[in-house]
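> What shape does this take:
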Amino acid sequence: MYKYNDFDESFVRARCAQFRAQVERRIDGSLTEEEFRPLRLMNGLYLQLHAYMLRVAIPYGTLNPNQMDQLAFIAEKWDKGYGHFTTRQNIQYNWPKLKDVPDILDALADVEMHATQTSGNTIRNVTADHFAGAAADEATDPRPVAELIRQWSTDHPEFQFLPRKFKIAVTGATADRAVVRANDIGLVLKRRGDVLGAEVIVGGGLGRTPMVGKVLSEFVPMVDLLPYLEATISVWNSIGRRDNKYKARIKITVHEHGIDDIRVRVAERFNAIRGLFDETALDVLAEIEPYFAPPAFATKATGTFDRAYGSDPVFRSWADTNLAAHKAEGYAIVTVSTKAHGKTPGDVSADQMRVLAQAARDWGHDELRISHEQNVILPHVHKSDLPALHKVLTAAGLATANIGLVSDIIACPGMDYCALATARSIPVAQKIATRFDELKLEHEIGPLKVKISGCINACGHHHVGHIGILGLDRAGVENYQITLGGDGTETTVIGTRTGPGFAYDEIVPAIERLIHAYLDLRVSAEETFLETYRRLGMEPFKEALYAPAKDSANAA
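Model (predicted):
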């Protein structure tokens, strides 16, 4: 992974010192909360429903064991003993005291981490495929490019006060595990001959107006990527809406002007600024790339794995759901679920963080990743080490065999924490997971993406869930809308709303009716929920959802 140079170190330390002085001025009353707000947001500090919340950047989701240990230390010393991994591959601390935040930022700097640009109307943490550098379907590791973009965008003088926040995601694989089409800019890295470049997708995003991104350019060679990104964001910065924050995202600009008009404007801006860029970016990229060289993979037998797989049904179930194909023979990508049944999705205790850090040291070539699905990845584990790893994860409560299944739910913090939320999302996720664990159905159901948001901002990605749940406030009462057929992969689709919403105590039974309908409707055990929905459409699922209400009305 990338290592700070002298400039990085001095930059982060200067930011820490600057913010310490700002916090001191807020505490002694020299700054009002209104004056302090833009300063704290520049450093990832929110004022939430009950307390401050600090969002820490995990660039492109990559961590080393020492960093994970430090996150555990911070959780114990200055929070309530846990952290929350997010859909932007960050970690959030929900209970820090304002006076302690400068110390937290210093502790982060000690392990080359920070909270810069994790909030505010600027370019946020660059996200990437969480299987980067390991996936069997990968054309190129996207993380060096993501790091290049991080360096270019951090404190970029033109982009500190954008119309709204701006999110960039990068992948280098055939399968889209970075939801690039639901980001403001999505990059799909590819090669034309020996030339590395990117397909540039613009104008995706969720929230109150969900949209799938459109192709702005089919191929931008790497030498032109930064000026092309700068041109694209500059165009939006110039013509994007600032009169209405709900219409300020680049997706609205693309929608209102049309992709062809945006393409012309970007080309004009690119031609105007291209001469200001030389090939320095390629030199910097060449300096970055060795930091992401693959580890020295071992060549050894997999008999230990084979014996455990054949004799231990619990291990076999975990292996079948939580392992993915690795590009190196004899290795596997391990996804560690943070979604034990009944637990809060994304929450990991300090003790569990330390277990994961040590597992990465012992068996994972010192690498960890955070996924946008709020799970933790050990990207390089030899199959012969998997039984030992599984034993350690089991003891730590981290061996739930549910990746990609109904209980592997994405959920935002909702009204339990967030000042913007209009409904609870965590308890709904917990109840759904617990219910299907009781029914012993989730492995029979198979792949199913359930995503829950506690407000229209869609931090839980509900629009691209196979089943999406949106919690809203209806005259002071929680009401949960359901969408079906969403997809956050390379075939991204925004889900379709089924109809009227459901009360808090009705939403879990509604989801149960949906899934039982799927089990009755599928043509075979191999046909997934999404495939069944695409084959049959909405109507049979709506019938299952709302038939009980009709039956009740008829009986009355």
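> OK, contacts around Val508?
If you count contacts by C-beta atoms under 8 Å, 6 or more residues apart in numbering, Val508 has them with 428, 431-432, 435. (Each C-beta comes from the backbone N, C-alpha and C, glycine too.)
> correction: Leu98
23, 26-27, 45, 52.
> Could you list which of the contacts of Val508 belong to helices?
Using DSSP state H, the subset of the contacts of Val508 located in helices is 428, 431-432, 435.
> Tabulate these (a markdown table), appending distance to Asp416.
Converted to a markdown table, the ones in helices among the contacts of Val508 look like this (distance: C-beta to C-beta, whole Å):
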| residue | distance to Asp416 |
| --- | --- |
| Val428 | 11 |
| Lys431 | 14 |
| Ile432 | 16 |
| Arg435 | 19 |
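> Give me the buried entries from these.
Among these, the ones that count as buried by 16 or more other C-beta atoms under 10 Å are 428, 431-432, 435.
> Please tabulate the residues you listed in CSV and include distance to Thr321 and pLDDT as additional columns.
Formatted as CSV, those follow (distance: C-beta to C-beta, whole Å; pLDDT from 0 to 100):
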residue, distance to Thr321, pLDDT
Val428, 22, 98
Lys431, 21, 98
Ile432, 17, 98
Arg435, 19, 98
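> Which of those residues sits closest to Ile456?
Val428 (15.9 Å; C-beta to C-beta).
> Check the contacts of Leu98 and tell me the two furthest apart.
Taking C-beta to C-beta, no two of the contacts of Leu98 sit farther apart than Ile27 and Leu45, at 13.2 Å.
> Compare the two (neighbour count), which wins?
Taking neighbours as other C-beta atoms under 10 Å, Ile27 and Leu45 compare with Leu45 leading, 25 against 12.
> Assess the claim that the more buried one and Thr118 are in contact.
No. With contact defined as C-beta atoms under 8 Å, Leu45 does not reach Thr118; the gap is 9.0 Å.
> anything in contact with each of those two?
Arg55.
> Quick check, central residue of this structure?
His372 (2.1 Å; C-alpha atoms, centre = their mean).
> Test my guess that it contacts Asn125.
No. The criterion here is C-beta under 8 Å, and His372 misses it with Asn125 at 10.9 Å.
> Overlap of the contact sets of those two?
88-89.
> so who does Pro157 touch?
Per C-beta under 8 Å, 6+ apart, neighbours of Pro157: none.
> Now do it against Thr122, distance only.
Pro157 sits 11 Å away from Thr122, going by C-beta to C-beta, to the nearest Å.
> same question, Thr302
From Thr302 to Thr122 the distance is 47 Å (C-beta to C-beta).
> swap in Asn90?
From Asn90 to Thr122 the distance is 14 Å (C-beta to C-beta).
> ditto for Ala319
For Ala319, the distance to Thr122 - C-beta to C-beta - is 42 Å.
> Repeat that for Leu472.
29 Å.
> more crowded one of the two?
Thr122 (21 against 17).
> so what secondary structure elements neighbour the helix or strand hosting Arg15?
Arg15 is part of helix 6-27 when elements are defined by DSSP states H and E. Judged by 3 or more C-beta pairs under 8 Å, 6 or more residues apart in numbering; DSSP states H and E, the packing partners of helix 6-27 are helix 33-41, helix 101-109.
> Report the rounded mean pLDDT for it.
For helix 6-27, the mean pLDDT works out to 98.
> Repeat that for stretch 42-61.
Mean predicted lDDT for stretch 42-61 stands at 96.
> same check, this time on stretch 128-141
97.
> Give me the distance from that stretch to the chain's centre.
16 Å (C-alpha atoms, centre = their mean, to the nearest Å).
> Quick check: buried residues in that stretch?
128-135, 138, 140-141.
> which pair in those spans the largest distance?
It's His130 and Thr140 that sit farthest apart of those, by C-beta to C-beta, at 15.7 Å.
> Now the residue nearest to the centre of the chain. Nearest residue, chain neighbours left out?
Of all residues not flanking His372 in the chain, Thr87 sits nearest, at 4.9 Å (C-beta to C-beta, 6 or more residues apart in numbering).
> can you pull the contacts of that neighbour?
372-374, 410, 412, 459-461.
> Now for the protein, the helix or strand with the poorest mean pLDDT.
helix 539-555 (a mean of 77; mean pLDDT, DSSP states H and E).
> any weak-confidence spans in this structure?
Low-confidence segments of the chain, defined by pLDDT under 70: 548-556.
> 90 - rerun?
Counting by pLDDT under 90, the ranges of the chain that qualify are 49, 547-556.
> returning to what we had before: out of the contacts of Thr87, which is nearest to Gly342?
Gln374 (15.5 Å).
> Surely Thr118 and Thr127 touch.
No. The pair Thr118 / Thr127 is not scored as a contact, 11.8 Å apart, by C-beta under 8 Å.
> Which neighbours do these two have in common?
By C-beta under 8 Å, 6+ apart, the residues touching both Thr118 and Thr127 are Arg88.
> Neighbour count for these two, which is higher?
Neighbour comparison, Thr118 and Thr127: the larger count goes to Thr127, with 29 against 26 (by other C-beta under 10 Å).
> Quick check: beta-bridge partners of the more buried one?
Ala169 (DSSP bridges).
> how about it, what does it touch?
60-61, 88-89, 146, 167-170, 178, 183, 372.
> run the last query once more with 6 Å
89, 169, 178 (C-beta atoms under 6 Å, 6 or more residues apart in numbering).
> By neighbours, which of those residues wins?
Ala178 leads those on contacts (other C-beta under 10 Å) with 32 neighbours.
> Against Met113, how distant is that residue?
21 Å.
> do the same with Ala135
Taken as C-beta to C-beta, the span from Ala135 to Met113 is 25 Å.
> What segments of the stretch 151-300 of the chain are strands?
168-171, 185-192, 195-202, 214-221 (DSSP state E, counting those that start in this stretch).
> Same check on the stretch 451-556 of the chain?
467-474, 477-484, 496-497, 502-503.
> ranking those strands by burial, who's on top?
strand 467-474 (a mean of 23; mean count of other C-beta atoms under 10 Å).
> CA atoms of that one as PDB?
Coordinates of each C-alpha in strand 467-474 appear next as PDB, following Å, rounded to 0.1, in the frame of the first residue of the first chain:
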ATOM      1  CA  ILE A 467     -34.800  -5.300  -2.400                       C
ATOM      2  CA  GLY A 468     -34.500  -1.700  -1.300                       C
ATOM      3  CA  ILE A 469     -36.100  -0.200   1.800                       C
ATOM      4  CA  LEU A 470     -36.400   3.500   2.400                       C
ATOM      5  CA  GLY A 471     -37.600   4.800   5.700                       C
ATOM      6  CA  LEU A 472     -39.600   8.000   5.700                       C
ATOM      7  CA  ASP A 473     -41.600  10.100   8.100                       C
ATOM      8  CA  ARG A 474     -45.300  10.200   7.400                       C
END
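> Which elements pack onto that strand?
Where contact means 3 or more C-beta pairs under 6 Å, 6 or more residues apart in numbering; DSSP states H and E, strand 467-474 is packed against strand 450-453, strand 477-484.
> Adding distance to Glu526, write these out as JSON lines.
Output for the helices and strands packed on strand 467-474, formatted as JSON lines (distance: least, C-beta to C-beta, whole Å):
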{"stretch": "strand 450-453", "distance to Glu526": "20"}
{"stretch": "strand 477-484", "distance to Glu526": "20"}
